[in-house]
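Trainee: Provided below for reference: sequence and predicted model.
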Amino acid sequence: MSASDPGRLDRVIAEARRAAEKRDQGYREQALKIYPWVCGRCARAFTRANVRELTVHHRDHNHDNNPPDGSNWELLCLYCHDNEHQRLLEAAGGGSSPAIGRDVATHAPFADLKERLAKKPPAK
Ligand SMILES: [Zn+2]
Ligand SMILES: [Zn+2]
């Protein structure tokens, strides 16, 4: 009767998704074992009840870089994790030099902007 099985593709996709989840779960569990359940930014502490809001951030943003000593991981709450990526996106878009891993505040490319604006002749 049913030569083609429409459920088969779904199963394949589900399986692939499960494999990816398993990999994520792998380093997540490992990170949660190594590090205290505290957000690395806002220091919010987590318990078993809300630990799903604590996420694993990859310091070099490479999700395939998962050294077993956890040196590439950082535990961040959902909000700080979001901020972290937002900040890096802005940093990457704003300057020509790579700002990753650096304190962006140490270099001020617009330090003389105020001066330049002050010297600017009035428009027209
Ligand atoms: Zn946080
Ligand atoms: Zn991240």
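Mentor: That came in fine, so what should we check first? Not measured: the values here are computed from a predicted model. Ligands and ions are numbered 1, 2, ... in the order given.

Trainee: now do the contacts for Y35.
Mentor: G70, W73, L75 (Cβ atoms under 8 Å, 6 or more residues apart in numbering). From N, CA and C alone the C-beta is placed, and that goes for glycine too.

Trainee: the second one bridge partners, please.
Mentor: Beta bridges link W73 to H58, judged by DSSP bridges.

Trainee: count the neighbours of it for me.
Mentor: W73 has 22 neighbours, counted by other Cβ atoms under 10 Å.

Trainee: same check on the first one?
Mentor: Here the count is done by other Cβ under 10 Å, and G70 has 17 residues near it.

Trainee: and it, its phi and psi?
Mentor: phi 80, psi 10 (degrees, to the nearest 10).

Trainee: could you check the pLDDT of the closest residue to it other than its chain neighbours?
Mentor: Setting aside the residues directly before and after it, G70 is nearest to I34 in space (Cβ to Cβ, 6 or more residues apart in numbering), at 4.3 Å. At I34, the predicted lDDT confidence score is 96.

Trainee: roughly how far does I34 sit from ligand 1?
Mentor: Note on I34: its distance to ligand 1, by Cβ to the ion, to the nearest Å, is 18 Å.

Trainee: ok, that residue - contacts?
Mentor: D69, G70, W73.

Trainee: list the buried ones in the helix or strand hosting R23?
Mentor: Here R23, judged by DSSP states H and E, is contained in helix 6-34. For helix 6-34, burial by neighbour count (16 or more other Cβ atoms under 10 Å) applies to Y27, R28, Q30, A31, L32.

Trainee: got it, and stretch 52-65?
Mentor: L54, T55, V56, H57.

Trainee: which one of these is nearest K22?
Mentor: For these, the minimum distance to K22 (Cβ to Cβ) is 14.3 Å, reached by V56.

Trainee: quick one: residues contacting the closest one.
Mentor: Listed by Cβ under 8 Å, 6+ apart, the contact set of V56 reads Y27, R28, A31, W73, E74, L75, L76.
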